[in-house]
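1. Whatever this is, show me its structure:
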Amino acid sequence: MRRTYLGEFEEVVLLMVAILDGQGYGVTISQALEEHTGRSVTFGTVHNTLIRLEEKGFVKSELGGASTDRGGRRKRMFKVTALGSRALQEIQQLRKDLWQMVPPNSLKLSGL
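-> Here you go, the predicted model:
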């Protein structure tokens, strides 16, 4: 199987979808990203990333019920797929392996 790589922002969005466990949609994912990363993100950027992740098979979405507070519009709720879960686990393992390879003194501040 050919491996599909995720960019850093795609990885963070996918992680947030996993954290929200099926309860995330564009706005809540954007808000949670800002809250937990301190990073200012636009809804459009998150939305486009979610669509890209869905095209790659890492997330799936379905429409939730319409609500009056949204003018009758329905929310598109996102959930991580099995492929997305495997991708996150592989990324986590890769990062763990790489961190273990860092020599103990290599990250000390130096006078450079």
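
2. what residues are up against Glu11?
-> For Glu11, the contact set (Cβ atoms under 8 Å, 6 or more residues apart in numbering) comprises Leu88, Ile91. Placement of C-beta: from N, CA and C, glycine included.

3. How about Phe43?
-> Counting by Cβ under 8 Å, 6+ apart, Phe43 has contacts Gly26, Val27, Ser30.

4. What about those residues, which one has the most neighbours?
-> Counting neighbours by other Cβ atoms under 10 Å, Ser30 comes out on top of the contacts of Phe43 with 22 neighbours.

5. Contacts only, for the nearest residue to that one once chain neighbours are set aside.
-> Ranked by Cβ to Cβ, 6 or more residues apart in numbering and with sequence neighbours excluded, the top spatial neighbour of Ser30 is Val46, at 4.6 Å. By Cβ under 8 Å, 6+ apart, the residues touching Val46 are Val13, Gly26, Ile29, Ser30, Leu33.

6. And the helices in this structure?
-> 8-20, 26-37, 43-56, 82-101 (DSSP state H).

7. So Lys75 sits against Leu63, correct?
-> Yes: using Cβ atoms under 8 Å, Lys75 is in contact with Leu63, at 7.2 Å.

8. The two - which one has more neighbours?
-> Just comparing Lys75 and Leu63: by other Cβ under 10 Å the higher neighbour count belongs to Lys75, 19 against 11.
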